[in-house]
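*Asks:* when you get a sec, could you give me coordinates for this:
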Amino acid sequence: MPDCIFCKIVAGQIPAAKLAETERVVSFMDIAPVNHGHALVIPKRHVESMLELTEEELHDCIVTAQRVAKAVTKATGSVGLNLLQNNHRCAGQVVPHAHFHVIPRSPEDGFRFGWRQGAYARGEMEALHKKIMGLM
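*Replies:* Below is the predicted model:
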């Protein structure tokens, strides 16, 4: 994709502080980090959503994310981390190229999720479970 910033990084048209690279995946430091050490892991092939990745690409992304996470947490001294992956703008995806965030965390970093918990009405979960299982 000619206008995709991540595709330009993959092509070497935009510089990036690369951390890891395989045949299918590249990882680099995020230029707008939630916390210092925040890194991204992306497939080299342009796809907008994780749902479009091949099993091999997904495998490489996750294995690379773990490798980067181990190094980032050690380098920053963080005691925790988030591995985040958003799909489409409504879910918080800003760059429309599939990517995984590796974010080192500490108890006092001030980053919080606005997580909410809902509930199912009687029978709703069972009906949805049956529908999902029929599509697997």
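*Asks:* so how far is the top helix by length along the chain off the chain centroid?
*Replies:* Longest helix in the chain by number of residues, with DSSP state H as the criterion: helix 55-76. Taking the mean of its C-alpha atoms, helix 55-76 sits 10 Å from the chain's own mean (CA atoms, centre = their mean, to the nearest Å).
*Asks:* and stretch 12-24, by the same measure?
*Replies:* 16 Å.
*Asks:* now what about that stretch, what contacts it?
*Replies:* Applying CB atoms under 8 Å, 6 or more residues apart in numbering, the external contacts of stretch 12-24 come out as 5, 8-9, 26-29, 39, 41, 43-45, 56-57, 60, 64, 67-68, 71. Backbone N, C-alpha and C define where each C-beta goes, glycine included.
*Asks:* mind checking the backbone torsions on the residue of the chain most remote from its centre?
*Replies:* Largest separation from the mean C-alpha position in the chain: residue 122, at 34.1 Å (CA atoms, centre = their mean). For residue 122, the backbone dihedrals (degrees, to the nearest 10) come out as phi -50, psi 120.
*Asks:* next: residue 120.
*Replies:* phi -100, psi 150.
*Asks:* residues near it, how many?
*Replies:* The tally of other residues near residue 120 (other CB atoms under 10 Å) stands at 11.
*Asks:* for it, give me the pLDDT.
*Replies:* We have a pLDDT of 96 for residue 120.
*Asks:* find the nearest non-adjacent residue to it, please.
*Replies:* residue 128 (7.7 Å; CB to CB, 6 or more residues apart in numbering).
*Asks:* tell me how far residue 123 lies from residue 129.
*Replies:* If you measure residue 123 against residue 129 using CB to CB, to the nearest Å, the figure is 10 Å.
*Asks:* dump the residue contacts of the nearest residue to residue 79 once chain neighbours are set aside.
*Replies:* In space, and not counting its chain neighbours, residue 79 is closest to residue 106: 5.9 Å by CB to CB, 6+ apart. By CB under 8 Å, 6+ apart, the contact list for residue 106 reads 35, 77, 78, 79, 80.
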